[in-house]
Structure formats: C-alpha cells, structure tokens
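Chemist: sequence unknown, structure follows:
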C-alpha cells in the first residue's frame, strides 16, 4: 500500500510539471469561462447561461485532463517499458492503474474548484446552500473517473501513434454531443443525451435554481458508462499483461 501511495505522489508530481496537461485541465477552462461565462445573456437548460457554462467548463477541465493526456502517456510508457519495469518491483500488479486513476482525480480538483469559485464571485451564480456547490463539484469530479478508465483502456490497447487520433476523435465527439461548448437542440440533442458528458452536466445543472428534480436515469446512465469504460480498461490491461 505504501508503495502504491508513493507511485501516486510521483504521478501527481509528473502531471504538475506537464505544461500541456495543465493547460488543457486548468488554464483553458478558466480562460474560456472568463471570456464567455459572464458576457452571454441567455438561458440554457432552464438556468442562466453563466451558470450552465460554469458547470460545462468545470466538466471540460476534468474531462480533458482525464482522457487525452492520460491515454497518450499510458501508451508511451507502455512502449518505453516503464510498466514492465514496475511489474518487476514488489508493487501490486494493479498499482500502476490505481496510480493513474488517483493522480488524474487529484489533479482535476483545482480546475473544478477554481471554475466554480469564478462562477460564484465573477459570474454571479447563486445557489441555495453550500451543499449544492459541493454536490455539483462532486458530480463533475466523479465524471473524470469515467474518462480516466477509458484512457487506461485506450492507452493499454493501442500504440502511441494510434492513441492520439483515437483519443482526440472520442474527445471531440463527447465535447460536442455533451453540450460542453454550447447547449444542443433538436436531433443532435437527443443523441447527446446518451453521452456521459451530457449526463454529468445535466445532473449538475439540475441542482442550480430554479432546481429541477435530478433524473434517476441520468445517474443510471453515468453508472452504466463507468461500468463500460472500467470493463474495457480491465480487458485491455488483461490482454496486454502477458506481453509487457
């Protein structure tokens, strides 16, 4: 257990030094919210657009860091033999995957917290209680877990030169269909309702006044996506275990 925790600390330190990772996870969502969040006078999903965009940008930061950066790094480290070297140590066999999951979850916390603080003190978003802010932050933060699991699946399954286009394609599909940059309508919105990005945003937005009952189907949908991505990750890790 101690060795796994040390590996988690090392992964967090590496992510903090990764400028591209920090830009996509922390800086870009903040800049986009500062530019757009307060200046668009409209409503989206029954709430002020600034409130909607706050949730969307918090989701964007956690989603970006969890998926694209992790998938590429895992594939590169697998090719370089880093995972093989770790398996020669006394660390548990699943220590590497646990470290990736834990580090990604930890490094997305500042992005979520800062965007929500900007929403409150810059965008003028008001909620009924502190617990609603916490609930929104937790929903967005847990959404990162889904995409970290997907990143593990992609990183273990494909080579580095294949991972980037695959991860970016999935990334942009979930960005657009999830309504992260702008709320969707019509047939495209109907398709987007089945994406985990849409579900995370919708659950969080429904907690913003005027509060709407959170649909149980959205929660079930996120659980199903977590099961799918975790299953794919498990299959990918198991399939490559004998070749590393």
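Modeler: That came through, no problem. Fair warning: this is a prediction, and the values are worked out from it, not measured in the lab.
Chemist: lowest-pLDDT helix or strand in the chain?
Modeler: helix 19-22 (a mean of 73; mean pLDDT, DSSP states H and E).
Chemist: Output the contacting helices and strands for the helix or strand just after that helix.
Modeler: Sequence-wise, the next helix or strand downstream of helix 19-22 (DSSP states H and E) is helix 28-32. With contacts taken as 3 or more C-beta pairs under 8 Å, 6 or more residues apart in numbering; DSSP states H and E, helix 28-32 sits against helix 49-64, helix 109-121. From N, CA and C alone the C-beta is placed, and that goes for glycine too.
Chemist: Just give the closest residue to residue 196, not the sequence neighbours.
Modeler: residue 225 (4.2 Å; C-beta to C-beta, 6 or more residues apart in numbering).
Chemist: Would you verify that that neighbour is located in a strand?
Modeler: No. Going by DSSP: H, G, I helix; E, B strand; the rest coil, the assignment for residue 225 is helix, not a strand.
Chemist: Can you report how many residues lie near it?
Modeler: Other residues near residue 225 number 21, with proximity taken as other C-beta atoms under 10 Å.
Chemist: Not counting the helix or strand containing residue 202 itself, show me its contacts.
Modeler: Applying DSSP H and E as the criterion places residue 202 in helix 196-205. The contact list for helix 196-205 (C-beta atoms under 8 Å, 6 or more residues apart in numbering) reads 44-47, 51-52, 55-56, 58-59, 63, 135-136, 139-140, 142-143, 146-147, 174-175, 177-180, 192-193, 214-215, 218-219, 221-222, 225.
Chemist: same question, stretch 162-182
Modeler: In contact with stretch 162-182 (C-beta under 8 Å, 6+ apart) are residues 56-57, 59-60, 63-64, 67-68, 71-72, 74-75, 150-151, 154-155, 158, 184, 188-189, 191-192, 195-198, 200-201.
Chemist: Give me the distance between the residue nearest to residue 196 and residue 157.
Modeler: Distance of residue 225 to residue 157, computed by C-beta to C-beta, to the nearest Å: 18 Å.
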